[in-house]
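*Asks:* Sequence isn't available, so here's the structure alone:
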């Protein structure tokens, strides 16, 4: 039962933030592949919830962005203007986290299926990169 609790913890923390889920998986001594998969699934789950069920959140964000300088000077606005849905979807899991990146995407009126596709690509990519970096970092510490 400890393994199921560890899996649920990594999955649940992945819903909130990828940067938290991966170190938690290593702390709970899960296999790196399991850690990467569970953290990515958690982030994808949060993106799906925000993208497809967040219409009231979208309306609130649009009102907030319009009140605050049109949102034109934020980092995500610059990424959106320069790289579009691909850049936002790919970089937001790393920079802001999947839930906030998905919310920003829907506030920019991104097409939900395309946003989810590029969010999934970004989540999977960054989950693999961060997990590999953590695994090699821990191996280097053990060798020292």
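*Replies:* That came in fine, so what should we check first? Nothing here was measured: the structure is a model prediction, and the numbers come from that model. Numbers count the residues shown, from 1 in each chain.
*Asks:* I'd like the distance between residue 125 and residue 118.
*Replies:* As judged by Cβ to Cβ, to the nearest Å, residue 125 and residue 118 stand 10 Å apart. Using the backbone N, CA and C atoms, a C-beta is placed for each residue, glycine as well.
*Asks:* where do the contact lists of these two overlap?
*Replies:* residue 90 (Cβ atoms under 8 Å, 6 or more residues apart in numbering).
*Asks:* More neighbours: those two, which one.
*Replies:* Taking other Cβ atoms under 10 Å, residue 125 and residue 118 do not tie; residue 118 has more neighbours (24 against 14).
*Asks:* residues in contact with the more buried one?
*Replies:* Neighbouring residues of residue 118 by Cβ under 8 Å, 6+ apart: 85-86, 88-90.
*Asks:* Distance of residue 16 relative to residue 97?
*Replies:* 7 Å.
*Asks:* now swap in residue 17 and tell me
*Replies:* To residue 97, residue 17 is 5 Å away according to Cβ to Cβ.
*Asks:* re earlier: more neighbours, residue 16 and residue 97?
*Replies:* A side-by-side neighbour count of residue 16 and residue 97, using other Cβ under 10 Å, places residue 97 first with 20 against 15.
*Asks:* In this model residue 43 seems to touch residue 18, though I could be wrong.
*Replies:* Yes: because the distance of 5.1 Å satisfies Cβ atoms under 8 Å, residue 18 is recorded as touching residue 43.
*Asks:* Mind checking which of those two has more residues around it?
*Replies:* More crowded of residue 18 and residue 43, by other Cβ under 10 Å: residue 43, with 31 against 25.
*Asks:* what about the closest residue to the more buried one other than its chain neighbours, neighbour count?
*Replies:* Excluding the flanking residues, the one nearest residue 43 by Cβ to Cβ, 6 or more residues apart in numbering is residue 98, at 4.1 Å. For residue 98, the count of nearby residues is 32 (other Cβ under 10 Å).
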